[in-house]
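> next comes the sequence, and after it the predicted model I'd like to discuss.
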Amino acid sequence: MKNVINIKKHLFAAMYLMATLFAVELCFSSCSEDELQVQKNFSFEVQIMPVSKYIANGETVEIRCRIISVGNYSETEYFFRYFQFDGKGTLRLFNEPHFLPNDSYLLTEKEFRLYYTSESTVSQSFDIWISDNMGNEQKLSIQFSPQNAETV
């Protein structure tokens, strides 16, 4: 009987030792990379507040924009460019000179306001592209119809 108890003790000790060795090996093998993996590339969307669909020659319309990212990486930079393909007008940030079409500009904030000033009496359309330094890009299309006495 004493032999059976000793055999059981040694068997349990051996099983405990094997389980401990397995856990130690699992911990060490899961740490095989020396460098911490940090996700840098997060998709985003751009939300704009509704804007008037009519604009008069010389009138300025505010376009409120917000970049909403799925994640946050401190070194992500956002850029802005636009191209106007119908009508004529200028686009700018608050107190800055107007943008040139197809030139890329750095955005310093995720929330910003663009100001479009009409310089024509016909329909006006332009696309805005917001991109980041990771290769993600969003396109916004803006269109204004001319304002006259019938649309007021």
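Structure received. Residues are numbered from 1 along each chain as shown.
> hey, what's the closest residue to residue 58 other than its chain neighbours bridged with?
Spatial nearest neighbour of residue 58, chain neighbours left out: residue 118 (6.5 Å); criterion: C-beta to C-beta, 6 or more residues apart in numbering. From N, CA and C alone the C-beta is placed, and that goes for glycine too. Beta-bridge partners recorded for residue 118 (DSSP bridges): residue 89.
> does residue 7 belong to a helix, a strand or coil?
What DSSP: H, G, I helix; E, B strand; the rest coil gives for residue 7 is helix.
> same thing with the one 4 residues further on?
Residue 11 falls in the helix class when you classify it by three-state DSSP.
> poorly predicted segments of the protein, please.
1-6, 26-40, 148-152 (pLDDT under 70).
> what about the strands in it?
Secondary structure of the chain (DSSP state E): strands located at 44-48, 54-55, 60-69, 78-86, 89-93, 105-107, 111-118, 124-132, 137-146.
> the second one pairs with which strands, and in what direction?
Note on strand 54-55: by DSSP bridges, its sheet partners are strand 137-146 (parallel).
> in the partner strand, which residues are buried?
In terms of neighbour count (16 or more other C-beta atoms under 10 Å), strand 137-146 has its buried residues at 138, 140, 142, 144, 146.
> and which of those is nearest residue 89?
Residue 89 has its nearest neighbour among these in residue 144, at 8.2 Å by C-beta to C-beta.
> without its sequence neighbours, what residue ends up closest to that closest one?
Residue nearest to residue 144 in three dimensions, not counting chain neighbours: residue 55, with 4.1 Å by C-beta to C-beta, 6+ apart.
> ok, now which ones touch the one you found?
The neighbours of residue 55, taking C-beta atoms under 8 Å, 6 or more residues apart in numbering as the test, are 61, 116, 118, 124, 144-147.
> contact partners for the most centrally placed residue in the chain?
The chain has residue 44 as the residue nearest its centroid, 2.6 Å off, counting by C-alpha atoms, centre = their mean. Counting by C-beta under 8 Å, 6+ apart, residue 44 touches 67-70, 130, 132, 136, 138.
> you'd agree the residue nearest to residue 58 is up against residue 84?
No: in this structure, residue 118 is not within contact of residue 84 by C-beta atoms under 8 Å, at 10.8 Å.
> perfect, that will be all.
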